[in-house]
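Peer 1: Following is a predicted model, sequence given first.
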Amino acid sequence: MAEILTPEMRAKGSMATVRPWQAMAIVEVIENNGGFLALPVGLGKTLLCDQLGRMMNKKRVLLIVPTSLKDKTKADFASYIGVWRRSNPPPVIKTIHDLQRKSMVKFLDKYKPDLIIIDEADDLQNPKSSMCRKLDRYIVANRKHVAVVCMTGTPSRKSIMNYWHLLCWCLDDRAPVPLNVGEARMWGAALDDYGPKWKGNRPDPGPLGDSLGEAREWFRVRLLETPGVVIVDGDSCDQPLTINVILAKEDPLLDKHFKNFLVDFENPDGITVSDPLSRWRMDTRLGAGYYDKWDPAPPDEWREAKRALAKFVREEIDLSTHTGMPLDTEGEVIRANLDHPIVEEWLAVKDTFKEKTKPVWLSTSTLESAAEWLAESDEPSIVWVGGVEFAEALSYITKLPYFGPKGKDQQGRGLYAAKAERIPKMVVSWHANKKGLNLQAWRRHLIVMPPQSAKWLEQLFGRSHRSMQDQPVRFYILGTSGGVLDGFDAAISEARFAKGTISLTQKILRSKITRQKPKLTKSNRFRWAQR
């Protein structure tokens, strides 16, 4: 099929060739008038975004991309001139951010796309979001006239419900999952990865299999055999990837505050942990050397109601793991317990105080660790950071440019400008720059305040460990606490779930991993405590 499609797609005089997986994806999408394409990060999906509309004979193509990739996608399309035949008319490009606007409903009704392509479709993993609801209304109302193609390298973290609705959009009643959301959730309860807290309370897989492993294998095969679903389990790069877990400097002051954090679930200013997300945020910030302080301080009544709520939320999340319907966030607990006295008291005072915080630094030991890592080598290097305050401080002390939350530095340059100018070392926000960018010129990376998700680590690794890379790539995870080390283990577990249910082997499972382990003492055991 690649040999057949190549002369149909390339421009006159071009020597470009269609890759076999691209040909397979195009044929599957054409034959099924839509498709769900799970493709490795860094393999190059943009050509499909450009060519699918022409190959499917669609005239009103809507391409939805992450906001940070709009300019990159346009630049890629421009580079196809003279290489590939051009779509006429070309796709209309909208961003994930555009989907949040009310005007998007009018746009859909007026433009009436006959093909919707969603690149990095995992950004729409929450079917209850306003973005998904806008698309869902249009797709359901125009099912006979619109085709949908979803593309992603990281379809799911821990649940098949992260992409259940995407499969339904793409394939309708030919989808390999139930169209009824209640039944789909029953499948999820039997298949999903709830981690060690599940404690034997997982529902019986029933007709899906006699065991969890058998049920996941059955689901994986079902996905693979479904027409319109294309899963490419391969690596985008044949060069070795090494992941080194290293430790930040010891600091007695941080050890002291980690004891308070783990015992009382509070930071030095009394801000409390309520759910796993707030725990991760507080843990990583403390490990980085700073914490959030209320500015101004809240009234005592508000503070005590907040503290009581946080304790209640922690308890409810723990209890929910025994019920078969685990809760994960403070918002979920509040919605499930609106008539509970603690929740009622919190809701009564919640809006009486507008919460504002400012960062307060405790220690520069982690900053020094990152700066020393940068100084160890003259190689082009990137420090990826999950917190703005730490990134700005590191940029200040090292005099390196920082490409922040909007993907740009103080001069308004994006990372593609850094690539063009061959900036050897820089500090980068992983939140804003984790997707789509080709940064293979930088083969040495440090991740500070790393994500706990294999999905996001996969994206970070794919910026450099990608197609056309001809040198080994090294990533370093800076361990600043036991919680960060736990997060790395959780990411490995998440990657195994994806492999077991979707057949995608993520880079973290293909890499060589080395770990530096902390030397536990009586004084530092709280900072390095692991679950």
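Peer 2: Sure, I can see it.
Peer 1: buried set for stretch 371-379?
Peer 2: Across stretch 371-379, burial judged by 16 or more other CB atoms under 10 Å covers 371, 373-374. All C-beta atoms are positioned from the backbone trio N, CA, C, and that covers glycine.
Peer 1: Now, those residues that are in helices?
Peer 2: Using DSSP state H, 371, 373-374 are the members of these that sit in helices.
Peer 1: ok, these vs residue 504, which is closest?
Peer 2: Set against residue 504, the nearest of these by CB to CB is residue 373 (30.6 Å).
Peer 1: That closest one - nearest residue in space that isn't next to it in sequence?
Peer 2: Leaving aside its sequence neighbours, residue 373 sits nearest to residue 446 (CB to CB, 6 or more residues apart in numbering; 5.2 Å).
Peer 1: and the one you found, what element?
Peer 2: Secondary structure assigned from DSSP states H and E places residue 446 in strand 444-448.
Peer 1: partner strands of that strand, parallel or antiparallel?
Peer 2: Paired neighbours of strand 444-448 in the sheet (DSSP bridges): strand 381-385 (parallel), strand 473-479 (parallel).
Peer 1: Any idea how many residues pack against residue 128?
Peer 2: 7 (other CB atoms under 10 Å).
Peer 1: Could I get the phi/psi values of it?
Peer 2: Main-chain dihedrals, residue 128, degrees, to the nearest 10: phi -90, psi -10.
Peer 1: give me every residue that touches it.
Peer 2: Under the criterion of CB atoms under 8 Å, 6 or more residues apart in numbering, residue 128 has no neighbours.
Peer 1: Can we start the residue count at 860 from this point?
Peer 2: All set: I'll call the first residue 860, so the last point we hit is now residue 987.
Peer 1: if I look at it, how far off is residue 1135?
Peer 2: Counting by CB to CB, to the nearest Å, the gap between residue 987 and residue 1135 amounts to 19 Å.
Peer 1: Find the residue at the geometric middle of this structure.
Peer 2: Residue closest to the average C-alpha location in the chain (CA atoms, centre = their mean): residue 1315, at 3.9 Å.
Peer 1: and it, what does it touch?
Peer 2: By CB under 8 Å, 6+ apart, the residues touching residue 1315 are 1013, 1289, 1293.
Peer 1: quick revisit: need the CA coordinates for the strand holding residue 1305. PDB is fine.
Peer 2: The C-alpha coordinates for strand 1303-1307 follow below in PDB (Å, rounded to 0.1, in the frame of the first residue of the first chain):
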ATOM      1  CA  ARG A1303      21.200  15.600  27.500                       C
ATOM      2  CA  HIS A1304      18.300  16.500  29.700                       C
ATOM      3  CA  LEU A1305      17.500  17.000  33.400                       C
ATOM      4  CA  ILE A1306      13.900  16.900  34.700                       C
ATOM      5  CA  VAL A1307      13.200  18.800  37.900                       C
END
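Peer 1: Distance from it to the middle of the chain?
Peer 2: Offset of strand 1303-1307 from its chain centre (CA atoms, centre = their mean, to the nearest Å): 17 Å.
Peer 1: where do the strands sit along the stretch 1210-1359 of the chain?
Peer 2: Remark: strands assigned in the stretch 1210-1359 of the chain by DSSP state E, counting those that start in this stretch are 1216-1220, 1240-1244, 1261-1262, 1284-1288, 1303-1307, 1332-1338.
Peer 1: relative orientation of the fifth one and strand 1284-1288 in degrees?
Peer 2: Think strand 1303-1307. Per axes from the mean of the first three to the mean of the last three CA atoms, to 10 degrees, the angle that strand 1303-1307 makes with strand 1284-1288 is 40 degrees.
Peer 1: which secondary structure elements does the lowest-mean-pLDDT helix or strand in the chain contact?
Peer 2: Ranking every helix and strand in the chain by mean pLDDT, DSSP states H and E puts helix 1274-1280 at the bottom, with a mean of 73. Helix 1274-1280 is packed against helix 929-938, with contacts defined by 3 or more CB pairs under 8 Å, 6 or more residues apart in numbering; DSSP states H and E.
Peer 1: one more time with 10 Å
Peer 2: Applying 3 or more CB pairs under 10 Å, 6 or more residues apart in numbering; DSSP states H and E, one finds that helix 1274-1280 contacts helix 929-938, strand 1261-1262, strand 1284-1288.
Peer 1: now what about that helix, what contacts it?
Peer 2: Contact with helix 1274-1280 is made by 927, 930-931, 934, 1241, 1260, 1262, 1266-1268, 1270, 1272-1273, 1282-1283, 1285, 1287, 1291-1292, 1296-1301, 1322, as judged by CB atoms under 10 Å, 6 or more residues apart in numbering.
Peer 1: Check which residues of that helix are buried.
Peer 2: Neighbour-count burial for helix 1274-1280 flags 1274, 1277 (criterion: 16+ other CB under 10 Å).
Peer 1: Would you mind extracting the C-alpha trace of it into PDB?
Peer 2: C-alpha atoms of helix 1274-1280 as PDB (Å, rounded to 0.1, in the frame of the first residue of the first chain):
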ATOM      1  CA  LEU A1274      11.900  26.900  21.200                       C
ATOM      2  CA  TYR A1275      12.100  26.800  17.400                       C
ATOM      3  CA  ALA A1276      14.000  30.100  17.600                       C
ATOM      4  CA  ALA A1277      16.300  28.500  20.200                       C
ATOM      5  CA  LYS A1278      16.800  25.700  17.700                       C
ATOM      6  CA  ALA A1279      17.600  28.100  14.900                       C
ATOM      7  CA  GLU A1280      19.900  30.100  17.000                       C
END
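Peer 1: wait, isn't residue 984 in contact with residue 1018?
Peer 2: Yes. The pair residue 984 / residue 1018 is scored as a contact, 8.8 Å apart, by CB atoms under 10 Å.
Peer 1: higher neighbour count, those two?
Peer 2: Ranked by neighbour count (other CB under 10 Å), residue 984 and residue 1018 place residue 984 first, with 21 against 18.
Peer 1: so how far is residue 1120 from the residue lying closest to that one once chain neighbours are set aside?
Peer 2: Nearest residue to residue 984 in three dimensions, chain neighbours excluded: residue 1021, at 4.1 Å (CB to CB, 6+ apart). Per CB to CB, residue 1021 is found 30 Å from residue 1120.
Peer 1: what sits against the closest residue to residue 1093 other than its chain neighbours?
Peer 2: Excluding the flanking residues, the one nearest residue 1093 by CB to CB, 6+ apart is residue 899, at 5.9 Å. Going by CB under 10 Å, 6+ apart, residue 899 touches 880, 1012-1013, 1090-1096, 1317, 1321, 1325-1326, 1363-1366.
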